[in-house]
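**Q** From the sequence below, what's the structure:
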Amino acid sequence: MKKMRKSFWALLLAVMMLYPLMPAAVSAEGTDDSPSHCPAHTAHDDTCGYAEAKDALPCTFAHQHDDTCGWDKTQDAVPCAVEAAHVHDSGCGFSKAVAGSPCTHSCNLCSVSADAAAPTSDIGIPGGVKGTEGGTTPACRHIYFGGVVKTDVMNGNRDGEYSDQILWRVLENSSSEMVLLAEYYPAWRRFAPAAGNNNYRDSDIRRWLTGRTVTGNTREFLGNFTDAELAAINRQRAFDSGTGEAAASVTSDASGDYFWLPSSEEVKGTWFSGGNADRRAPVYADPSKGANWWLRSPGGSKYNNAAYVNLDGGVDDDGESISNYFGVRPAFKLRLSSVLFPSAAVGGKSVNVGDGFIDAGTPAGDWKLTILDSDTDNLNLTRAYVDTENVIPGTAAKITFEGAKTGGDKVVSCVLLDSDGNVTHYARLSDKESGSASITIPADLPAGSYTLRVYNEQLGGDKQTDYASTPKDIPLEVAIPTAYQHIYFGDVQRTDKDDHGNRDGEYTDQILWRVLDNSNGELMMMPEFFPAYRMFTYPDGGNNYATSDIRSWLNGDAAVMSTSREFLNNFTAAELSAINKQRVYDKDGVATETVTADNDGDFFWLLSRSEAENEKYFPSGHADRRARIYARPSDSSEWSLRTPLSESSLFAHMVNADGGTGWSKITTSPTAIRPAFKLRLSSVLFPSAAEGGKSVNVGDGFIDAGAPAGDWKLTILDNDTGNLSLTNADAGEKTVSPGDTVEITFAGAKIGGGKVVSCVLADESGKVTHYAKLSDKESGSALLSIPADLPPALYTLQVYNEQLSGGKKTDYASRPVNIPLTVKENTPAATYTVTFISGSTTVKEVPGIQPNQTVGSEWPDTPFKSGNTFGGWFTGQNGAGIQYTKTTPINGDVTLYAKWTPVSGPTYSYRTLTDPITRVKVSGSFTSNAVLAVKKSSLHEKGSYAACGDIRERQNGGGLIVLHDISLSSGKYIGGLIVEIPVGSKHNGREVLMIHCKDKVLERRTVKVENGVAKGSFFSLSPFAVAVPPSGTAAINASTASQTGDTANLLPWLLTMLSVLAGCALLLLYRKRNTKD
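**A** Modelled structure (predicted):
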């Protein structure tokens, strides 16, 4: 029995000795759920705030960079030394069961969001037009930009193959910039000399693209562009700042390149519609002369090859010798804020000075651009404004401008923009330095808010860039044509009762006028109702308008048969003085078709036939616009015109009841009268609503007086100082804030009988915004509150003596006293900002600190600097000045500097080391003397490291793609490493195993080959192999102590274990038999 116990314990001991030698079996369907991508946070614990029992609770762990992670703050745009791939797990807060639940994970080292936004492809140009074609559509948009280019003469037979302005293809158009690629080849050039290498930064082709030297017939590429064109380009860095090798994508850099060759990755991406080869092929290149074009990416594993695009648009990543002469197709990024608008490349601005607007909507075919030129010695415009900001389609606006540069090809131009910022029309206004020009608003322009953009322009000609000064923007409101503005003006008018008594009293109200035109500083108006029915002339007269009875009645002269009230009796002296009188007939008394300003002319006059048919007055020629609106249908609604019928002196033209024009006998019966007149706007102080527009009491303060709704009445100037006057007022300039109260003193006003002292507030353009009644005293002072919502700007306070007429009647004003008023922003309560700076980097800014308060919880975390110890924050650099802590009171803006004390030991910085033969790359934090050493097909000595046995086994079985022993021949590294091993483009898209012998333990990474390279993250250097995973086996990123099960490796261990167990069993059986014997 005792021997049996010893045998049992011997067998158990043998099994226990064998067990540790077995690899752990892991399911091939398993996934790695550990958040181990950041070396500083390998597992959730009490410090990170994660609670597994709570769904979607985000991880609050924040990593502080230190010596273990290899991050160096002093390096710009340093990539993360640890791969940022993220598998959703319980630590990131993502819940698959909740629709739209976001992942809260982000890599603290590389600051790359887990969910990157897709690139945009909008083709709109802010401030310009919206196109419909871009690099992602079958038809690409093309734009001319730059000077005339002749193909590089270094290959003689290609001299002059392309001699035109450079035509560019739009690859992408986002909200802020446009990516363009040369459509033709502006040159054939070698990448570098045969003795050189494929480093893009130092290549011949980049030197040519970034040079501006012109020598004889040779010209470096930048020599084809003006300063203004180059200033409109967003410069880019297209290579690694450390190694100089081509980067996969460009990065915005103010000191970078204007133009650059695309990379292999870029031409395979969205710029070419997902990598369609035919989109990469040049459209116009001559196949007989070679159509390969260079990329900036290095080719394959050869240091003297560079990648290129072939004739069919295919991308050859293995590349060709850098000494070959291939086509050059540079790309660049155009800043859209520098583009005023595009136009057709040929004939897009075919208009002369003074011709008026032409259409400038989305141009057809190829484009050219108008861009901003900031050189004020070349182009400039100091001021521009219009006579009215409210216009009617088909009417004219007067634009005044100053300070333009002229001569040669320089003019003053303008564009019209809709409310979305799209350019709709273009015009050349003048070739003068200063002056004014009249521009007619397009008759078919829809009503709405527009911007008139006026600028000094330099014209380049077809296909050449045009240039614009900084423009002056003028808001325009385009109104009508469906509803006219109506204004009450004049006294109560009763229809003449001497003419057919049944019409007596048909219209008994202040006369309501329709605005026909608003231009050149005057309003042309016509009554909406019929103020009278009259005969053109009586039986003994003819159709001569100058001597007609109707003209005599309109202008108050004695008529053949007098009436009870001639027309001028309906207007006050002040109203008549505000009218611009017109001459409406020639020297023979025959009516003219247009009126002419004449101080001896008529106040009121009948329209001519041409005026009645003028689309400016009656938009779109609609006859119903000429028909009266309110006249009774039962009465005759024809109305007279002044134009005689040439065939007979007994007939004159008129407007029919349906609005059409015709003629009638002038002595048959009375017809309706609709006189017109022109009101001088300089005599109008402001309009108000006809009813209730001034419903405010003395001392109530301001009410809104912006554009009133509905029908208007007017407040006009009355120059009769015996009626209204203001002899004195405080006219000193005042500066206030919204909500402040100002005191206004005045003297010499007339009061009583509806007379008060009033004021209006006018903005910088002269538009009245507010109205108030100040006082009913002759002299004194009044307090007035500035509206709390008044925007900061320059205003004028106009104080005047006012006569209020009541109802719809005209009000009157003395000549106002103007008080300049500056409204400034309310000064907010004082707060302070504390700025923390380490070296040349701003670590943090804490704004909004109240006086005598502390930074407190906003105090920054302790910073890190390799090779140094942090010593606190001081007001001076290097520990000088006063030290601040989170409890120090703040009583002013302060800048604090980090104190650093160097420590002994090596200094590390992030770099990429490249082996020139194998092209193996290792990125991480290295000492300055670090040199990469790579031995091909090398492993640890057989038997020295058991972990290398797996690699040997795969090597012997032909399962390895490549094998290298990677180490440093000098120097040191710290933290994580990115290892990149070229395996050839034929493996692109394939999953492979990166196997690494680390400290006698085998590490594996399953990665996908991209651009011919296998890339993985590790923490040490030694032999690396790239192998194809065994069929049906899944590998995960872990050491062999917890490696995914590999059936081919388990079988030998299982057989060995079974053999030992069988041997032990036979030994026990043999001993039993010997005992029995």
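**Q** per-residue pLDDT, the nearest residue to G394 once chain neighbours are set aside?
**A** Of all residues not flanking G394 in the chain, A443 sits nearest, at 3.9 Å (C-beta to C-beta, 6 or more residues apart in numbering). Using the backbone N, CA and C atoms, a C-beta is placed for each residue, glycine as well. At A443 the predicted local confidence, pLDDT, stands at 82.
**Q** do the same with the one 4 residues further on
**A** Reported pLDDT at A447 in the predicted model: 84.
**Q** wait, isn't it in contact with L476?
**A** No - in this structure, A447 is not within contact of L476 by C-beta atoms under 8 Å, at 11.1 Å.
**Q** what bridges to the closest residue to V920 other than its chain neighbours?
**A** Distance criterion C-beta to C-beta, 6+ apart; nearest residue to V920, sequence neighbours excluded, is V934 at 5.1 Å. For V934, the beta-bridge partners under DSSP bridges are I966.
**Q** check contacts around V934.
**A** D915, I917, T918, V920, H964, D965, I966, S967 (C-beta atoms under 8 Å, 6 or more residues apart in numbering).
**Q** Which ChimeraX command selects the buried ones in these?
**A** Remark: buried members of these, expressed as a ChimeraX selection using 16 or more other C-beta atoms under 10 Å:
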select :915,918,920,964,965,966,967
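**Q** could I get the contacts of V934 as TSV with distance to R674 and pLDDT?
**A** Shown next, in TSV, are the contacts of V934 (distance: C-beta to C-beta, whole Å; pLDDT from 0 to 100):
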residue	distance to R674	pLDDT
D915	95	93
I917	98	90
T918	96	91
V920	94	94
H964	99	89
D965	103	89
I966	98	91
S967	102	91
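**Q** Go through the contacts of V934 and name the one nearest V823.
**A** Closest to V823 out of the contacts of V934 is V920 (68.4 Å), distances taken as C-beta to C-beta.
**Q** Phi and psi next, for that closest one.
**A** Note on V920: its backbone torsions stand at phi -70, psi 140 [degrees, to the nearest 10].
**Q** Next one: it from V768, what distance?
**A** Computed as C-beta to C-beta, to the nearest Å, the V920 to V768 distance reads 77 Å.
**Q** before we move on, what about F567?
**A** Using C-beta to C-beta, F567 is found at 30 Å from V768.
**Q** just V351 next, same as before
**A** 37 Å.
**Q** With neighbour numbers in mind, choose between these two.
**A** V768 (19 against 15; other C-beta atoms under 10 Å).
**Q** if you skip the residues just before and after it, what's nearest to the more buried one?
**A** Using C-beta to C-beta, 6+ apart, the closest residue to V768 is F686 (3.9 Å).
**Q** Secondary structure element holding the one you found?
**A** Element membership of F686, judged by DSSP states H and E, is strand 684-689.
**Q** what does the average pLDDT come to for that strand?
**A** Computed over strand 684-689, the average pLDDT equals 94.
**Q** residues in contact with S648?
**A** By C-beta under 8 Å, 6+ apart, the contact set of S648 is N543.
**Q** all helices for the stretch 101-250 of the chain, in order.
**A** For the stretch 101-250 of the chain, the helices defined by DSSP state H, counting those that start in this stretch cover 204-209, 227-231.
**Q** Would you map out the domains in the chain?
**A** For the chain, automatic domain parsing gives the domain ranges 2-21+1052-1076, 24-116, 142-335, 345-478, 486-680, 690-823, 832-902, 915-922+929-966+979-1042.
**Q** which one of the ones you listed lies closest to Y973?
**A** domain 915-922+929-966+979-1042 (6.5 Å).
**Q** doesn't T912 make contact with G242?
**A** Yes - counting by C-beta under 8 Å, G242 does reach T912; the two are 5.9 Å apart.
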